[in-house]
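> Build me a structure from this.
(one chain, ligands or ions: 1)
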Amino acid sequence: MRRAELAERLHQVRERIAAACAAAGRDVAEITLIAITKTRPASDVRLLYELGQRDYGENRDQEAAPKAARCADLPITWHFVGQLQTNKVASVARYADIIHSVDRLRLVRALGNAARRQERVLTCLIQVNLSGPDGDPGRGGAPADQVGPLAAAIASEAGLVLGGVMAVAPLGVPATGAFTRLAPAAAAVRAVRPAATIISAGMSGDLEEAVAADATHLRIGTALLGDRRPPLM
Ligand SMILES: *Cc1c(COP(=O)(O)O)cnc(C)c1O
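Okay, here's the model as predicted:
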């Protein structure tokens, strides 16, 4: 039953992505769909895996660490998309492959130390705050003028790979306008490392706007998994 529901939802999300790519004149092969499985059990990860889904994202280490451990036998890519405290970095570095929420220098150093100690390579995206001067700091991210310094810091840490940028559209304003502000940040990051081409933007409600704004990675929760439940832990 759950398998059939997830299959149908995955199909619908893939159709939306295909339509958005067609409208934007883009190739669907440029897009990576990340299933955001927060509040959902490891069994959902397994079902989606059987349906061909390979990239998964979580926003809280308390929930993500045990879930990733339960799925350690699956060759999947884990994305960490939530605000990250430095005291959680050692734990997150054990299972995450791509960290989307790098927004301050202290965090860059902590991630570099953890990656080297654990002999892991962590791809880091700089989370950019798109809310503008009188916006919504609660959604996190570095101000635009910090993107260059953060990119240089990530590029200089052994164990870290500069991957690109990430953003969450601010509440209460059209996503299209906000996502336009991501392009200069993405260019500033590519100026430091030309291969850092990831643009992580777009959630269930604004994936079309994100595809139109050149997103490469979409973080989709409720459209794939249904309404969120209370936290698992
Ligand atoms: C929960 C979450 C998502 C997914 O949101 P939906 O609206 O459920 O698709 C994407 N990005 C981040 C950072 C999240 O925390």
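> give the contact list for the residue of the chain found nearest the ligand.
Nearest residue of the chain to the ligand: Gly221, at 2.6 Å (Cβ to the nearest ligand atom). Quick note: C-beta positions are derived from backbone N, CA and C, even for glycine. For Gly221, the contact set (Cβ atoms under 8 Å, 6 or more residues apart in numbering) comprises Ala35, Ile36, Thr37, Lys38, Met203, Ser204, Arg228.
> Please narrow those to those residing in strands.
Ala35, Ile36 (DSSP state E).
> Could you provide the contacts of Gly221 in JSON lines, with additional columns for neighbour count?
Formatted as JSON lines, the entries for the contacts of Gly221 read as follows, by neighbours: other Cβ atoms under 10 Å:
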{"residue": "Ala35", "neighbour count": "28"}
{"residue": "Ile36", "neighbour count": "25"}
{"residue": "Thr37", "neighbour count": "25"}
{"residue": "Lys38", "neighbour count": "20"}
{"residue": "Met203", "neighbour count": "18"}
{"residue": "Ser204", "neighbour count": "16"}
{"residue": "Arg228", "neighbour count": "12"}
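> wait, which of the contacts of Gly221 is closest to Met166?
Among the contacts of Gly221, Met203 lies closest to Met166 (Cβ to Cβ), at 11.4 Å.
> State the distance from that closest one to Thr123.
20 Å (Cβ to Cβ, to the nearest Å).
> Also Val81?
13 Å.
> neighbour-wise, which of these two wins?
The residue with more neighbours, out of Val81 and Thr123, is Val81; 27 against 20, by other Cβ atoms under 10 Å.
> Now do the helix or strand of the chain with the lowest mean pLDDT: distance to the chain's middle.
When the helices and strands of the chain are scored by mean pLDDT, DSSP states H and E, helix 175-180 comes last with a mean of 88. Between the centre of helix 175-180 and the centre of its chain there are 17 Å (Cα atoms, centre = their mean, to the nearest Å).
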